[in-house]
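1. sequence isn't available, so here's the structure alone:
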């Protein structure tokens, strides 16, 4: 399973379609997958999964989504899986972002798609700028503690 990496800027068209980076489309083709999985993500972004990554999340979710409060665990699983959708590519390499997901992430015209290892994230460009600044600050703070 390839890691999804890189940062790409695109424009959401009037029909709520956005291009998927060529590298991610190639990874989907290599898996012989027919669609990505698009879901709500943390921090008001959308998650874009390759089929293999989504299957791993389903398989490993008992461990990764483990909370001590079982009611909260069920609610979280319900929220994640009920708000996920198949996102097939059109002939031009775009996916449709359903209105409910667009609204959740506050997507306007300019979006950023970035690799986050086991998934990609789709951000409104302005929201991403704020998150990126916070991440950069944290990176600087941790540079004395971690050796990457």
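-> Happy to help now that I have it. Here the structure is a predicted model, which means the values were calculated and not measured. Numbering: from 1, shown residues only.

2. look up phi and psi at the residue most central in space within the chain.
-> Nearest to the geometric centre of the chain sits residue 47, at 1.9 Å (CA atoms, centre = their mean). Dihedral pair for residue 47: phi -100, psi 140, per degrees, to the nearest 10.

3. that one bridge partners, please.
-> residue 39, residue 121 (DSSP bridges).

4. for the closest residue in space to residue 21 that isn't next to it in sequence, give its distance to residue 115.
-> With sequence-adjacent residues excluded and distances taken as CB to CB, 6 or more residues apart in numbering, residue 21 is closest to residue 8, at 4.6 Å. Glycine gets a C-beta too; all of them are placed from N, C-alpha and C. For residue 8, the distance to residue 115 (CB to CB, to the nearest Å) stands at 9 Å.

5. same question for residue 3.
-> 7 Å.

6. quick one, helices of the chain?
-> Using DSSP state H, the helices of the chain run over 22-30, 51-64, 70-82, 99-105, 125-142.

7. which one of those helices lies closest to residue 16?
-> Evaluated over those, closeness to residue 16 peaks at helix 99-105, with 5.7 Å, by CB to CB.

8. mean confidence for the closest one?
-> The pLDDT scores in helix 99-105 average 97.

9. give the other helices and strands that that helix contacts.
-> strand 36-40, strand 46-49, strand 120-124 (3 or more CB pairs under 8 Å, 6 or more residues apart in numbering; DSSP states H and E).

10. please report how far the nearest residue to residue 125 once chain neighbours are set aside lies from residue 89.
-> Nearest residue to residue 125, sequence neighbours excluded (CB to CB, 6+ apart): residue 110, at 3.9 Å. According to CB to CB, residue 110 and residue 89 sit 21 Å apart.

11. what does residue 21 give?
-> 12 Å.

12. just residue 23 next, same as before
-> Distance from residue 23 to residue 89, by CB to CB: 13 Å.

13. noted, bye for now.
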